[in-house]
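Engineer: build me a structure from this.
(chains A, B and C)
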Amino acid sequence: MLARTPSRSPGPTARSLHRFLLNRAAVLGMCMIVPMILLILSYPLWWSFKPNDIDLLAMNAGPTTKHWFGTDGVGRDIFARVMDGGRISLLVAITSTIISAIIGFLVGAVSALAGRWADAVTMRFVDLVMTLPPVIFLLVLASIAGTGIRPTVLVISLLSWPLLARMVRSRLLELRERDFVLAARGMGAGLPHLLFRHGLPNSIDILVVFATLQIANAILLEAGLSFLGLGIAPPAASWGNMLNAARSTAVLEQYPWQWLFPGGALVLAVLAINFIGDGLRDAFDPRAELN
Amino acid sequence: MNRLSILSSAIAFAAMMATTAIPAFIAPAQAATLSGGFDVGPGGFQGNFNPLAATGGFTWLSVYFEPLVTYDEKLQKVVGVLASSYDVSADQLTYTFKLTDAKWHDGKPFTAKDAKFTMELAKNAKTGSVLAARLGAVSSVEAKDDKTLVVKLSTPSASLMDTITKVMMLPEHALSQIAPDQLAKNSWWSTSPIGTGPFKFTKYVTDQYVELAANTDYRGGKPALERIINRYFANPAAAIAALRAGEIQFTYVDSNDLTAFRNNKDFRIIEGDSFVVNYLGFNHDSPIWKDIKVRQAVMYAINRDAIIQSLYGGAAKPANCAYVADQVVPKGIETYAYNPEKAKQLLKEAGWDQINGNKPITLLTYYTTPLAANVMAAVQAMLAQVGINVTPRAVDTPTYNSIVLNPTPDTAQFQMVYAGLQNGPDPGSINVGLNEKQIPPAGPNVARVRMPELTAALDAALGETDAAKRGARYQDVCKVMNSQLPWGPLWVANRYGIASSKLKDFVWTPAPGGGPYQAYPEKWAIAE
Amino acid sequence: MKAEDGAGANPAILAIPPHGNEFMLRYSLRRLLIGVGMLLALSVLIFVLLRLTPGDPIDAYIDPNVPMSPSDLAELRMTLGLDQPLPVQYLAWLQQAVTGNLGYSIQRPDRPVLGLVLSRVGPTVLLMGTAIVISIIAGIATGMISAVRRNSVADFSFSVLAVTGISSPPFLSALVGLYLFSVYFNWLPSGGMLTPGGEFSIGDLLHHLILPAMLLAIAQTALIMRYMRASMLEVLNQDYVRTARAKGVYEFWVITKHALRNALLPVITLIGSTIGLAIGGAIFIESVFNWPGMGLLMVNAVENRDYPVIMGSTLVIGACVIIVNLLTDLAYAVVDPRIKVD
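Structural biologist: Residues are numbered from 1 along each chain as shown, chains lettered A, B, ... in the order given. Here you go, the predicted structure:
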């Protein structure tokens, strides 16, 4: 392993990597997500069914050696759809999480560190956004943005940042009064310095938890959007819209593979991301080695 | 709690396996009470108490209100309820109703004055009446004596009787003091309405249920049940759960939820014609559908028999025009049997590559059920096979209506719709969706069908005053539709209700808008 | 790092800071005034958004299978005043609203909006309150255990459960719960708040409440647990906790007295901020269980584009969110006196 090379004083990145690799949960997370991504990316090369090919004679068939995960209500292969849906769901979830994390962090940190006026104005704005009923917001945004991956990412990102903004602010408000920040300010440190040298390291734990939970949330929001005729346009699969099939009581009870497999894939992916997130947080925590 | 989601599913299936043999049935303690989800499904209208404003929900409303006339339970002919008989003059302009002896729930007699009062409210758009336009041909309503009502028309109307079945009689003595424009806002409807039906309104618990009690003085005899409860369900799956848990004895179900009830002696499946034809509507404002060969190709490309067999479980009839009923479908029309090679050939002849090629075509629908999602997926895949690339888009009803009813629509948003239109019991109901005079903003011809031949056939059928010849006129309409393809007609599906086997003499049919029809609620009974 | 030592180790924090009561009162009053302004801004925003939403109340009224002509619909629009210019419509609404009249529901014209909304407050508070109490207790407890016994079997299993809870779509957990407990086991009623036609009793109410409340608490518990764990880990690494440990303070006291209070800060924000969202999140649970709360009212209103009801319920929810956020900010000051509210 990299960190074990006999250099006398490894740099901070190498030490972080070393700590990351020593974290069992993080390694487990990597062991889950890497094969999953490999499968998702490579499946068209070795799997004979295409995700959108229907076969009305083989509909609602349970898992067999031919169809590993069974087939859905129009005879599409669930395995191919879980793989294909994984691409879209993970793409949408990861991009929208990054965007909303950036917006949320910036708004929260600026609010906490840029002075009382900025705080009051931004927080009242955040309150306003959080008060709007999400359904109305979605209907309007989506009727303007339309369907497809990009509008979906946009809508999900715009809907998800306020909670993070408030959490980051609450963490940094405490920081605002601490000696080293007061000192930095006294020495004339600019806002960017405060944001990234003090704000970011001190809210990294919140960001990591937010990001890992938001991945799941974004995948489910995408599913919710497809109820409104928005989100990913059918017949393209996503984990979210595959889960929607369980609205039918017949699917819920008699054909559980139609929702258990995409649901299981979702749980596994989020779990892996969670473990990796925890590992990353620990790895980059400057105080960790003191333990 | 967290473990519920995944573990519970595993437990659920284990439990299901274990309990399939034992009927999970616990009878509610109150005897002679029927609970049902009467307003679940497409014919229901939860939360509406005002029959003048009702676009559905007549199954329930007609348990405590009554119209002058109604359909029989097969929805084939109009029969009297509060009218013991009726006469139509030879010129089709005067309708005379003889009224029966009936009493309001508060004991006052029902008279022709009440009937006149109600008809005038229904004709007055200020009351919020949705029947006003349909009663436009009515020029006067007179109470000749206490038991005789005379309705005069300015022009003959073949659909007048159909409209009158939806006019629930209202008591003049209770409502005459309220100004017509305040009537809809009055709380009378949901607190103390009185009708003439076999059950009396007792209470409404907001968004939970409505309770009725037997009207022991009912002219048709004392009802067998003591109470009827109409439970509200915001989610159809919840209604099915309540039915299977034994909390209710009746609800509507979607056809793909039937499996749990088949071969189950605790439940009786009630099947009926939906009277709704499903179709693929070509937006005739869009140039891509101009060539009839393209429209024919769409028909040949879709394997309707396979969809009906697999997705509908066989419970639908393929439609080759707006109708499937024998008396209005002529012999020898084209059946558009599945033939993808022919479809490809037709597209080639039409020059589809130049017309549209592989560009995505939005297929808009307001059907958001799991069944519809499967149908759209199948249609999408079948059309893709011949080179027509459609993108299904399911939106909620208001969004759909605002797009398609817009007088200046954005053609890109709906080049094609997957929709339904009521095609019976009165075959004339399709007129509004196909007649050129009904193109928005004048009417709801959302496909913008401009076919003079079809318009002429429809006008001829609607104007036909001889009931015996009407069938032949509608056959002409069918023939034109079949050859010109204003839409791609798909099928007429059946709809289902599930009743507990303990219900006796229970009459229900999946009528469009919930009817009304003759259901004899006074005879409904429940076994102990 | 004197300040940190002091704050963490000083237990006498529950007292309101020196310039205390009067300052807090003035601050709260000011925030409430701003709140009124915000409600006004919210009403304008919602009004505009609603008019941008595709479809209006009349579009929602028609069954596309049984269509009506747009010219008849125009008449209905006129009677509702929907043909007026937007500012006129808004001012007419506002004029009534300031006198406490939020208009009549369009879908159910016999119901005044204010009564309709207020009748939902009780059931919503009951359901949400129960769920939130469950999730706070379960979430904080499991979060703390996870942080203290980090990387243990308990921590690992709580993580798996939390992730599963977070990844289950609300409609799916609601349906699975419903089928499991009311159809297969027949232990609990399938929906509603009271048995139809029955007499009111607390037992009956609890019987109907327990399942939706538990299901509603799943996601919230998972959320609180994850943030609590992260926050607790962060605090346990802080110098003052080390100091306390070094001084030989019992581990139990280190955790409950020194660490817990500081770790709670982001969690309080989380709880405060999610109350508004949770009302929206209850939509699925309320619709599957037909619980007559705000979420169900709202979703029906949106489906029917019932403008007055959407306006009315948004404003009531908005007022709640504003008050809860104010309480959250006040709670920071109580938990950590170094934070000066402004």
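
Engineer: any buried residues in the strand ranked longest in chain B, and which?
Structural biologist: Assignment by DSSP state E gives strand B:267-282 as the longest strand of chain B. Going by neighbour count (16 or more other CB atoms under 10 Å in any protein chain shown), the buried part of strand B:267-282 is B:267-268, B:270, B:272-282. All C-beta spots, glycine's among them, are computed from the backbone N, C-alpha and C.

Engineer: closest one of those to chain A?
Structural biologist: Taking CB to the nearest CB as the measure, chain A lies nearest residue B:267 of the buried residues of strand B:267-282, at 13.9 Å.

Engineer: just checking, the closest one touches residue B:497?
Structural biologist: No. Counting by CB atoms under 8 Å, residue B:267 sits too far from residue B:497 to count as a contact (10.2 Å).

Engineer: could you pull out the helices in chain C for me?
Structural biologist: Here chain C has its helices, by DSSP state H, at C:2-9, C:20-52, C:57-61, C:70-80, C:86-98, C:113-148, C:153-167, C:170-178, C:202-236, C:239-246, C:251-253, C:260-288, C:294-303, C:307-335.

Engineer: does any part of stretch C:60-68 sit near chain A?
Structural biologist: No. Using CB under 8 Å from any CB of the partner chain, stretch C:60-68 stays clear of chain A, with a minimum separation of 12.2 Å.

Engineer: what comes into contact with that stretch?
Structural biologist: By CB atoms under 8 Å, 6 or more residues apart in numbering or on different chains, the residues outside stretch C:60-68 that reach it are B:42, B:55-56, B:130, B:133, B:276, B:366, B:397-398, B:400-401, B:404, B:419-422, B:429, B:432-433, B:443-444, B:446, B:512-513, C:73, C:76, C:107, C:303-306.

Engineer: the residues you listed: which ones sit near chain A?
Structural biologist: Answer for the contacts of stretch C:60-68 near chain A: none qualify (CB under 8 Å from any CB).

Engineer: can you list which of those are found in helices?
Structural biologist: If you go by DSSP H, these have B:397, B:398, B:400, B:401, B:404, B:432, B:433, C:73, C:76, C:303 in helices.

Engineer: I'd like those residues as CSV, with neighbour count and pLDDT appended.
Structural biologist: Shown next, in CSV, are the ones in helices among the contacts of stretch C:60-68 (neighbours: other CB atoms under 10 Å in any protein chain shown; pLDDT from 0 to 100):
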residue, neighbour count, pLDDT
B:397, 20, 88
B:398, 24, 88
B:400, 28, 91
B:401, 28, 90
B:404, 25, 91
B:432, 21, 89
B:433, 27, 91
C:73, 23, 76
C:76, 21, 75
C:303, 16, 83
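
Engineer: can you lay out these as a markdown table showing distance to residue B:224?
Structural biologist: Formatted as a markdown table, the ones in helices among the contacts of stretch C:60-68 follow (distance: CB to CB, whole Å):
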| residue | distance to residue B:224 |
| --- | --- |
| B:397 | 38 |
| B:398 | 41 |
| B:400 | 42 |
| B:401 | 42 |
| B:404 | 46 |
| B:432 | 41 |
| B:433 | 42 |
| C:73 | 42 |
| C:76 | 40 |
| C:303 | 37 |
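
Engineer: can you count the residues close to the residue of the stretch 1-150 of chain C found nearest chain B?
Structural biologist: Distances between the stretch 1-150 of chain C and chain B by CB to the nearest CB are smallest at residue C:55, namely 2.7 Å. Using other CB atoms under 10 Å in any protein chain shown as the criterion, residue C:55 is surrounded by 22 other residues.

Engineer: ramachandran coordinates for it?
Structural biologist: Per-residue torsions, residue C:55: phi 90, psi 140 (degrees, to the nearest 10).

Engineer: helix or strand: which one has the residue most central in space within chain A?
Structural biologist: Among the residues of chain A, the one closest to the centroid is residue A:215, at 2.0 Å (CA atoms, centre = their mean). Assigned by DSSP states H and E, residue A:215 falls within helix A:200-227.

Engineer: run through the neighbouring helices and strands of that helix.
Structural biologist: helix A:78-113, helix A:134-145, helix A:149-176, helix A:239-243, helix A:257-283, helix C:153-167, helix C:202-236 (3 or more CB pairs under 8 Å, 6 or more residues apart in numbering or on different chains; DSSP states H and E).

Engineer: could you give me the average pLDDT of it?
Structural biologist: Mean pLDDT, helix A:200-227: 83.

Engineer: and what of stretch B:112-121?
Structural biologist: Mean predicted confidence for stretch B:112-121 is 95.

Engineer: could you dump that stretch to PDB, C-alpha only?
Structural biologist: Only the C-alpha atoms of stretch B:112-121 are listed here, as PDB (Å, rounded to 0.1, in the frame of the first residue of the first chain):
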ATOM      1  CA  ALA B 112     -93.900  19.200  -9.500                       C
ATOM      2  CA  LYS B 113     -92.900  22.600  -8.000                       C
ATOM      3  CA  ASP B 114     -89.800  21.000  -6.500                       C
ATOM      4  CA  ALA B 115     -89.000  19.500  -9.900                       C
ATOM      5  CA  LYS B 116     -89.500  22.800 -11.700                       C
ATOM      6  CA  PHE B 117     -87.300  24.500  -9.000                       C
ATOM      7  CA  THR B 118     -84.500  21.900  -9.500                       C
ATOM      8  CA  MET B 119     -84.600  22.100 -13.300                       C
ATOM      9  CA  GLU B 120     -84.300  25.900 -13.100                       C
ATOM     10  CA  LEU B 121     -81.400  25.700 -10.800                       C
END
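
Engineer: go through it and flag the buried ones.
Structural biologist: B:112, B:114, B:115, B:116, B:117, B:118, B:119, B:120, B:121.
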